[in-house]
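A.B. asks: with the sequence up front, the predicted model follows.
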Amino acid sequence: MPTDREQACFEAGIKFGSLYHQFAGTPVSPDSTRSLERAMAESIENQPFCASVTVEIDDEAVAAAIGHENGYTELTGSLMEVEMRIEREGTTVRTRMEMEEGYPLMKLVAVEE
């Protein structure tokens, strides 16, 4: 039987997988970054045990990634940073997604009891 600590870490992984794979490829422009950040955070915060989600999309990186006249690009991990706090049965898990060597890595930052 998994411990509460292990289950909280599992929940964090589920939420990151959901966030990334649900929104990767979404059309984004500098004008839509704030609304997309809110939609992503609010969507994941609906899930059980999710205490908070912060999504920051880099406007300058989005603008630089636009390669055609339509004025948007596709959302990728290189364009955003995400932090989450999961709370389950007295355990708090803090996570972060950030670029490392060109790849968006999702990391456990802290597990607190």
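C.D. replies: That came through, no problem.
A.B. asks: pull the longest helix from this structure.
C.D. replies: helix 4-23 (DSSP state H).
A.B. asks: and it, what's buried?
C.D. replies: Arg5, Gln7, Ala8, Cys9, Glu11, Ala12, Ile14, Lys15, Phe16, Leu19, Tyr20, Phe23 (16 or more other C-beta atoms under 10 Å). Every residue, glycine included, has its C-beta placed from N, CA and C.
A.B. asks: keeping just the C-alphas, turn it into CSV.
C.D. replies: The C-alpha trace of helix 4-23 is given here as CSV (Å, rounded to 0.1, in the frame of the first residue of the first chain):
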residue,chain,number,x,y,z
ASP,A,4,0.4,9.3,1.9
ARG,A,5,3.8,10.8,0.9
GLU,A,6,4.1,8.5,-2.2
GLN,A,7,0.5,9.1,-3.1
ALA,A,8,1.0,12.9,-3.0
CYS,A,9,4.0,12.6,-5.3
PHE,A,10,2.0,10.4,-7.7
GLU,A,11,-0.8,13.1,-7.7
ALA,A,12,1.8,15.7,-8.6
GLY,A,13,2.9,13.6,-11.6
ILE,A,14,-0.6,13.1,-12.8
LYS,A,15,-1.3,16.8,-12.7
PHE,A,16,1.8,17.7,-14.6
GLY,A,17,1.1,15.1,-17.3
SER,A,18,-2.4,16.4,-17.6
LEU,A,19,-1.3,20.0,-17.9
TYR,A,20,1.5,19.5,-20.3
HIS,A,21,-0.2,17.0,-22.7
GLN,A,22,-3.5,18.8,-22.6
PHE,A,23,-2.1,22.2,-23.6
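A.B. asks: check which helices and strands the next helix or strand after it sits against.
C.D. replies: Using DSSP states H and E, the helix or strand that follows helix 4-23 in sequence is strand 27-28. Strand 27-28 sits against strand 73-74, with contacts defined as 3 or more C-beta pairs under 8 Å, 6 or more residues apart in numbering; DSSP states H and E.
A.B. asks: re the thing from before, show me the contact partners of the longest helix of the chain.
C.D. replies: Residues from elsewhere that reach helix 4-23, judged by C-beta atoms under 8 Å, 6 or more residues apart in numbering: 2, 36, 40, 43-44, 47-50, 53, 55, 75, 77, 82, 84, 86-93, 95, 97, 104, 106, 108, 111, 113.
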